[in-house]
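Participant: Compute the structure for the input listed below.
(3 chains)
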Amino acid sequence: MTTTDPSRADLSERSIRTIRNALLEWYDRNRRDLPWRKRDDAYGIWLSEIMLQQTRVETVIPYYERFLAAYPTIEGLAAADLDDVLARWSGLGYYRRARALHETARIVVREHGGRFPRDPQEVLALPGVGRYTAGAISSIAHGIPEPIVDGNVIRILARWLRLGADTKPARYWDLAARLVPDDRPGDFNQAMMELGATVCTPRSPSCETCPVRGDCAAAAAGDPEAYPVVAKRGENVAETSTLVVVRRNGRLLLTRSQARPLMKDLWEFPTCPSEGNRSDEASRLVRKGYGRRFEPRTALPEIRHSIMNRRILLRPVLGVIDRGPITPADPAEETRWILPSRLEDYPTGGIAKKVVRALARL
DNA sequence: CAGGCGTGGGC
DNA sequence: TGCCCAAGCCT
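Facilitator: Take a look at the predicted model:
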């Protein structure tokens, strides 16, 4: 039995061997049945890793299934329009990933003959693929003993060794590189993440069921939740916007602008800062922004949305407008009339999805 | 390189 | 409710 010194700050060779064995054995018995674990091809693994960046497993699963149904091969993805790819990504967030995904598919077809590269350095060079994702693809799809460091690995290592806030990424990468075995590197890396996701959780970790509890200094000291030390986040900012749902002939007015700094490929409902009467603000927005007269009809229930540390309260107004062309004051802005039932074919952000849900409840 | 980037869920 | 995220990447 290993005795743990709470002040220990490194992994011995013996610890590494016992950890590898215990973790792999535990993983074989406890691994969740996830869609990407049915696959061993680089395309399927790569797609899952891009989607899983900063995104929960339960959220990713339906998107992953739909994506693979639409694009069974990387050639199909490469041949698709970016708008279709973005539409299938709508609601998943971090839309830069979708653009990188599409671009990578085209690079693989154009520069690698449709075969996903096997060299970890070439994988790392692909857009949207950083050190973590390259390591995950190389180990899981290609069986190459490349380390990974993600939030789970950091948390586990920080607890095992009671690493403080001053621990630099290089230290985690060095530890991960020493841990990953030549045999079953992909399963080992997934076992680390699985342990972090289901046992060694940020709060209320299940130390009593942990297969590597004997090697954990934080468990021995009784303070696992104190690790890792996380930096404080910035203050939240609250804002209120009026959102205009303009209806004409059963269609809704959507807009997008290449001049927008953010989400410029996505279609959204027109919005403006809200300070007073939302019907008046909606009318002013439509008149000044699109040169038409707006008739407010219904104030829809308020929608709360949060983007990073911005908490947005949206006050939607449903109304109609007079006949005639829409002429955006902003030359970089496009507008389009879209049937609510077809909105899912368009790339939209999360706010538009919530508006559509609110309309469906009317 | 610190900070920006989306979202839905857990507590 | 308000806060903290969750299999990071890019500039």
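Participant: CA atoms for contacts and neighbours, from now on please.
Facilitator: Noted.
Participant: tally of neighbours for the residue nearest to A:Glu275 when sequence neighbours are not counted?
Facilitator: Setting aside the residues directly before and after it, A:Glu275 is nearest to A:Thr240 in space (CA to CA, 6 or more residues apart in numbering), at 7.4 Å. A:Thr240: 15 surrounding residues under other CA atoms under 10 Å.
Participant: residue contacts, A:Thr240?
Facilitator: A:273-275, A:312-315 (CA atoms under 8 Å, 6 or more residues apart in numbering).
Participant: Let me know the secondary structure of it.
Facilitator: Three-state call for A:Thr240 (DSSP: H, G, I helix; E, B strand; the rest coil): strand.
Participant: Identify the bridge partners of it.
Facilitator: A:Thr240 has these beta-bridge partners by DSSP bridges: A:Leu313.
Participant: Now do it against DNA strand C, distance only.
Facilitator: Distance of A:Thr240 to DNA strand C, given as CA to the nearest atom of the strand, to the nearest Å: 13 Å.
Participant: Now that we're looking at that residue, what pLDDT does it have?
Facilitator: Looking at A:Thr240, its pLDDT stands at 93.
Participant: give me the low-pLDDT residue ranges for the stretch 201-350 of chain A?
Facilitator: Of all residues in the stretch 201-350 of chain A, none has pLDDT under 70.
Participant: What parts of the stretch 251-362 of chain A come near DNA strand B?
Facilitator: A:262-263, A:305-308, A:349-351, A:353-354 (CA under 7 Å from any atom of the strand).
Participant: Over to the stretch 1-150 of chain A?
Facilitator: Checking the stretch 1-150 of chain A against DNA strand B by CA under 7 Å from any atom of the strand, the hits are A:54-56, A:59, A:90-96.
Participant: try it again with 10 Å
Facilitator: With CA under 10 Å from any atom of the strand as the criterion, the stretch 1-150 of chain A meets DNA strand B at residues A:51-60, A:89-99.
Participant: quick one, longest helix in chain A?
Facilitator: helix A:13-30 (DSSP state H).
Participant: mind listing what's buried in that helix?
Facilitator: Neighbour-count burial for helix A:13-30, counted by 16 or more other CA atoms under 10 Å, picks out A:15-16, A:19-21, A:23-24, A:26-27.
Participant: for stretch A:309-316, same thing?
Facilitator: A:312-316.
Participant: residue contacts, the residue in the stretch 201-350 of chain A that DNA strand B sits nearest to?
Facilitator: As assessed by CA to the nearest atom of the strand, DNA strand B sits closest to A:Gly350 within the stretch 201-350 of chain A, at 3.0 Å. Counting by CA under 8 Å, 6+ apart, A:Gly350 touches A:90-93.
Participant: And A:Asp322, by the same measure?
Facilitator: A:Asp322 makes contact with A:292-294 under the criterion CA under 8 Å, 6+ apart.
Participant: Apply 10 Å and report the result again.
Facilitator: By CA atoms under 10 Å, 6 or more residues apart in numbering, A:Asp322 lies in contact with A:248, A:292-295.
Participant: who wins for neighbours among those residues?
Facilitator: Counting neighbours by other CA under 10 Å, A:Phe294 comes out on top of these with 23 neighbours.
Participant: Once you drop chain neighbours, what's closest to the residue nearest the centre of chain A?
Facilitator: By CA atoms, centre = their mean, chain A has its centre lying nearest to A:Thr55, at 3.7 Å. Excluding the flanking residues, the one nearest A:Thr55 by CA to CA, 6+ apart is A:Leu92, at 8.0 Å.
Participant: again, but for A:Ile351
Facilitator: Distances taken as CA to CA, 6+ apart put A:His305 closest to A:Ile351, at 6.8 Å, once the chain neighbours are dropped.
Participant: Just the element for the closest residue to DNA strand C within the stretch 201-350 of chain A, please.
Facilitator: Using CA to the nearest atom of the strand, the closest approach of the stretch 201-350 of chain A to DNA strand C is made by A:Pro202 at 4.9 Å. Element membership for A:Pro202 (DSSP states H and E) is empty, with no helix or strand holding it.
Participant: just the helices in chain A please.
Facilitator: Using DSSP H, helices in chain A cover A:13-30, A:42-52, A:57-70, A:74-79, A:82-89, A:96-111, A:120-124, A:131-142, A:151-161, A:169-179, A:185-198, A:217-221, A:278-290, A:350-360.
Participant: A:Leu339: which of those is closest?
Facilitator: Smallest distance to A:Leu339 across the helices of chain A (CA to CA): 10.7 Å, for helix A:350-360.
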